[in-house]
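Peer 1: Provided below for reference: sequence and predicted model.
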Amino acid sequence: MSSDALTPFSAEVLALVGNGGASAHDLRRMAERGRVFQWAGESQYYTEPKRLAALGYLEPRTEPGKTRPRTVYTLTARGRAALEAWVRSPARFPSLRHEALVRVLAADVVGEEAVREGIAALDAQLVELDLAVEQARADAERLPHRRKYLLMGYRLARGWLDLNRDWLHEIRVELAAEPKRRMRR
């Protein structure tokens, strides 16, 4: 892919910059709060705005920060047009990258006990994600211009977490039903 190409992650950055502008640190914090939707590694929230600024989609400006100056990005006319074009393009159904599913698919090779052991950590992660979504939902109240849209996203996140919780329960029931021996070659 060309380094000039816009990706879904580029659109995410443009949307998060929004009308109010944001620093790279702000973008990373927003992604952290909405972890369920986080598409990229932490460092990409610092490099992508620079790339988009170099391409003319964002305008950087320096503002005083708590300990040092910070770069805040705002959308340019080109950035707004690109974001609008992307939003109007046909959305594709999201792919499902689910580590626990891969573990379940490996049960006939490694045994059901191993799968149960490996997915056990998801319980604590779900509790942590529940708290993060609830905190992000509360934070939306401080952004009245985006509140409606953020809440729609958080309802999706809540549903995704509930779906995964139900699926994990089903997996536990299914894997506990008939203990199977590890398959040998």
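Peer 2: Cool, the structure landed. Numbers count the residues shown, from 1 in each chain.

Peer 1: hang on, residue 24 packs against residue 71?
Peer 2: Yes: applying C-beta atoms under 8 Å, one finds residue 24 in contact with residue 71, separated by 6.9 Å. From N, CA and C alone the C-beta is placed, and that goes for glycine too.

Peer 1: overlap of the contact sets of those two?
Peer 2: Jointly contacting residue 24 and residue 71 under the rule C-beta atoms under 8 Å, 6 or more residues apart in numbering are residue 49.

Peer 1: neighbour count winner among these two?
Peer 2: For residue 24 versus residue 71, neighbours defined as other C-beta atoms under 10 Å are more numerous around residue 24 (21 against 17).

Peer 1: contacting residues for that one?
Peer 2: Each residue near residue 24 by C-beta under 8 Å, 6+ apart is listed here: 45, 46, 49, 50, 71, 73.

Peer 1: report how many residues lie close to the second one.
Peer 2: Using other C-beta under 10 Å as the criterion, residue 46 is surrounded by 15 other residues.

Peer 1: quick check: buried residues in the helix or strand hosting it?
Peer 2: Secondary structure from DSSP states H and E places residue 46 in helix 44-54. Neighbour-count burial for helix 44-54, counted by 16 or more other C-beta atoms under 10 Å, picks out 44, 45, 48, 49, 51, 52, 53.

Peer 1: closest one of these to residue 159?
Peer 2: residue 45 (25.1 Å; C-beta to C-beta).

Peer 1: would you map the helices across this structure?
Peer 2: Counting by DSSP state H, residue ranges of the helices within the chain are 8-17, 24-33, 44-54, 77-88, 99-105, 107-110, 112-119, 122-140, 147-177.

Peer 1: any idea which of the ones you listed has the lowest pLDDT on average?
Peer 2: Across those, helix 24-33 has the smallest mean pLDDT, namely a mean of 81.

Peer 1: that helix relative to helix 44-54, how many degrees between them?
Peer 2: With axes from the mean of the first three to the mean of the last three C-alpha atoms, to 10 degrees as the basis, helix 24-33 and helix 44-54 are set at 130 degrees to each other.
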